[in-house]
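Asker: sequence? don't have it. structure:
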């Protein structure tokens, strides 16, 4: 029906590099936005994270709210593998 049913309210990521260094991102929305979703909605965004090593991974979840009932629930994301460009790389 195109009616909005869910809102992305928070995200939480654990970022681990190949040296075993961990950092955590936990905050409201994503890139300053709180996107709303209904069936078939697509939302894409780009972001970055600090890492001491060039390679790592991040895993985590988004906290969504059902706007009809007010209840909140986590949506887990699969592990994302990170590979940064070497410092000498140029686009």
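Answerer: Nice, thanks for sending it over. All figures in this text were calculated on a predicted structure; none of them were measured in a lab.
Asker: Give me the residue at the spatial middle of the protein.
Answerer: residue 11 (5.7 Å; C-alpha atoms, centre = their mean).
Asker: any idea how far stretch 66-80 is from the chain center?
Answerer: Centre-to-centre, stretch 66-80 and its host chain are 12 Å apart (C-alpha atoms, centre = their mean, to the nearest Å).
Asker: surely residue 31 meets residue 44?
Answerer: No - the pair residue 31 and residue 44 does not pass the contact test of C-beta atoms under 8 Å, sitting 10.4 Å apart. No exception for glycine: its C-beta is placed from N, CA and C like everyone else's.
Asker: who's more crowded, these two?
Answerer: A direct count of neighbours by other C-beta atoms under 10 Å for residue 31 and residue 44 places residue 31 higher, at 9 against 5.
Asker: Okay, strands next: where are they in the chain?
Answerer: Along the chain, counting by DSSP state E, strands occupy 6-17, 22-28, 36-37, 55-66, 72-83.
Asker: Take those strands and write them to TSV, including distance to residue 49.
Answerer: Listed next are the strands of the chain as TSV, based on distance: least, C-beta to C-beta, whole Å:
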stretch	distance to residue 49
strand 6-17	5
strand 22-28	6
strand 36-37	24
strand 55-66	7
strand 72-83	8
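Asker: Output these as CSV; include the columns mean pLDDT.
Answerer: Formatted as CSV, the strands of the chain follow (pLDDT from 0 to 100):
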stretch, mean pLDDT
strand 6-17, 96
strand 22-28, 94
strand 36-37, 93
strand 55-66, 96
strand 72-83, 94
